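[1] No letters, just coordinates:
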């Protein structure tokens, strides 16, 4: 069934009046013409003579013209009447459907308003759900981190309990191991293998100038904002101590290199030549407001590093930050170009390893921050697409990206945690 409406009805066509006036003028051929000389008088006599002969034709013409005149009037009236009838019907139809259409329109507008309200409500619910998801995601991430830290700490605690049980067993059997009195100082950094003045020159040449170091470590200053009695272990030439002093943060440094301590003191900073663990052991518990060590932990033997972390945990105030920056051995360029160059380096520490050690030592909220990105323009560059090579370019570029991720990423990283 077609959905199209039928055409609008047309009124009765008006009568054809094109010949009416002419017929009215010509049907009486006996009518006299206007006087105008002997020709007119002759024509009138001929018309009168023809009128007597064609009398019935004249009556027929008159009757026909009269009939046409009457029907023309009737047809005109019928035309007007049909047009008026069509208009009346249309008005009645419009009158009949106007109210339903108005009601239907009002209902549509009402429903549209309700739908708009529903849409706003749904949008509010959507925004609330998105905010809830963000809060939940953040909470889940925090819980996941806390769970990982707790699991690590619990594992370490279990291992410590087992070790303690074994020691108790040995004591009960009278076979206790001799204490590892090998003072931690005997495990001190291998830097002692170089003369102090030589290592100062080594740092000047390969690690960078003091201004370069200050610029690199300046991003750590906000972590110690508001802290008191911050300790910089392995303070070197005092770059970070200078930044802390400029920020109004009281701090002091410790280093086993006497030449570097002299450089710090010449700049008016408090610094002491001492072993880090021995120095920490002399401090009151929970008295240090923060601990910073840049490019130090890679110089330490594992058991010395553990002793340092345990001492730091005991001496740091609750909530105090600990920041340990080191070379990133997960970046092959950093490992081969920076780590192996320095003969005083003892053990490279993968970011996951240092994070684990901090958590195992009791620190919380431990995170890894990567820094010193390898310059993009010096990385292996991908090939441009080429029709003749087809998928080979994509394969090569994927391998280039994989190699870049291994060789050329972040040169350094910092493990950051807080004393609970």
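    Happy to help now that I have it. Just so you know, these numbers come straight off a predicted model, no measurement behind them. Numbers count the residues shown, from 1 in each chain.
[2] Could you break the protein into its assigned domains?
    20-113, 187-418 (automatic domain parsing).
[3] Dump those into JSON lines; add distance to residue 148 and mean pLDDT as well.
    To be clear about C-beta, it is placed using only N, CA and C from the backbone, and glycine gets the same treatment. As requested, the domains of the chain are arranged in JSON lines below (distance: least, CB to CB, whole Å; pLDDT from 0 to 100):
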{"stretch": "domain 20-113", "distance to residue 148": "52", "mean pLDDT": "74"}
{"stretch": "domain 187-418", "distance to residue 148": "8", "mean pLDDT": "88"}
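[4] Nearest approach to residue 135 belongs to which of those domains?
    domain 187-418 (18.4 Å; CB to CB).
[5] Just give me how far that closest one sits from the chain centre.
    Taking CA atoms, centre = their mean, to the nearest Å, the mean C-alpha location of domain 187-418 is offset from the chain mean by 31 Å.
[6] Check stretch 73-92 too.
    With CA atoms, centre = their mean, you get 71 Å for stretch 73-92.
[7] do the same with stretch 129-149
    What separates the centre of stretch 129-149 from the centre of its chain is 18 Å, taken as CA atoms, centre = their mean.
[8] can you list contacts of that stretch?
    359, 364, 365, 366 (CB atoms under 8 Å, 6 or more residues apart in numbering).
[9] average pLDDT across that stretch?
    Taken as a whole, stretch 129-149 carries a mean pLDDT of 79.
[10] Let me know how buried residue 265 is, in neighbour terms.
    Look at residue 265: counted by other CB atoms under 10 Å, it has 15 neighbours.
[11] With residue 237 instead?
    Residue 237: 28 neighbours (other CB under 10 Å).
[12] hang on, it in a strand?
    No - remark: residue 237 does not belong to a strand; assigned using DSSP: H, G, I helix; E, B strand; the rest coil, it is coil.
[13] quick one: residue 219 and residue 371 touch, right?
    Yes - the pair residue 219 and residue 371 qualifies as a contact (CB atoms under 8 Å) at a distance of 7.3 Å.
[14] which of these two has more neighbours?
    residue 371 (15 against 12).
[15] Sort out for me which of the contacts of stretch 129-149 are in strands.
    Among the contacts of stretch 129-149, the members found in strands (DSSP state E) are 364, 365, 366.
[16] Most neighbours among the residues you listed, which one?
    Neighbour max across the ones in strands among the contacts of stretch 129-149 (other CB under 10 Å) = residue 366, 21 neighbours.
[17] which one among the contacts of stretch 129-149 gets closest to residue 43?
    Of the contacts of stretch 129-149, the one sitting nearest to residue 43 (CB to CB) turns out to be residue 365, at 132.1 Å.
[18] which non-adjacent residue is nearest the closest one?
    residue 418 (5.1 Å; CB to CB, 6 or more residues apart in numbering).
[19] Neighbours of that neighbour, how many?
    Number of residues near residue 418 (other CB under 10 Å) recorded here: 17.
[20] how far away is it from residue 292?
    With distances taken as CB to CB, to the nearest Å, residue 418 is found 13 Å from residue 292.
[21] and for these two, which residues touch both?
    residue 322.
[22] so where does the most centrally placed residue in the chain fall, helix or strand?
    Of all residues in the chain, the one closest to the mean position by CA atoms, centre = their mean is residue 134, 12.9 Å from it. In the assignment (DSSP states H and E), residue 134 maps to helix 55-172.
[23] and that helix, how far out from the chain's middle?
    Distance, stretch centre to chain centre, for helix 55-172: 30 Å (CA atoms, centre = their mean).
[24] that older thread, so how far is residue 16 from the residue nearest to residue 365?
    From residue 418 over to residue 16 (counting by CB to CB), the distance is 107 Å.
[25] thinking residue 360 is in contact with residue 152, fair?
    Yes - between residue 360 and residue 152 there is a contact at 5.7 Å, judged by CB under 8 Å.
[26] quick one: secondary structure of residue 216?
    Assignment for residue 216 (three-state DSSP): helix.
[27] Not counting sequence-adjacent ones, nearest residue to it?
    Spatial nearest neighbour of residue 216, chain neighbours left out: residue 372 (7.0 Å); criterion: CB to CB, 6+ apart.
[28] what's the answer for residue 85, then?
    Nearest to residue 85 is residue 11, by CB to CB, 6+ apart, at 7.8 Å.
[29] mind pulling up the phi and psi values for that neighbour?
    phi -70, psi 160 (degrees, to the nearest 10).
[30] which residues touch it?
    79, 82, 83, 85, 86.
[31] are any of those buried, and which?
    Among the contacts of residue 11, those classed as buried by 16 or more other CB atoms under 10 Å are residue 82.
[32] And stretch 271-285, end to end?
    20 Å (CA to CA, to the nearest Å).
[33] Report the buried residues of it.
    Neighbour-count burial for stretch 271-285 [16+ other CB under 10 Å]: 271, 273, 274, 275, 276, 277, 279, 280.
[34] Max pairwise distance over those residues: which two?
    271 and 277 (17.1 Å).
[35] close enough to count as contact, residue 409 and residue 373?
    Yes - counting by CB under 8 Å, residue 409 touches residue 373, with 7.3 Å between them.
[36] between the two, which one's more packed in?
    residue 409 (19 against 13).
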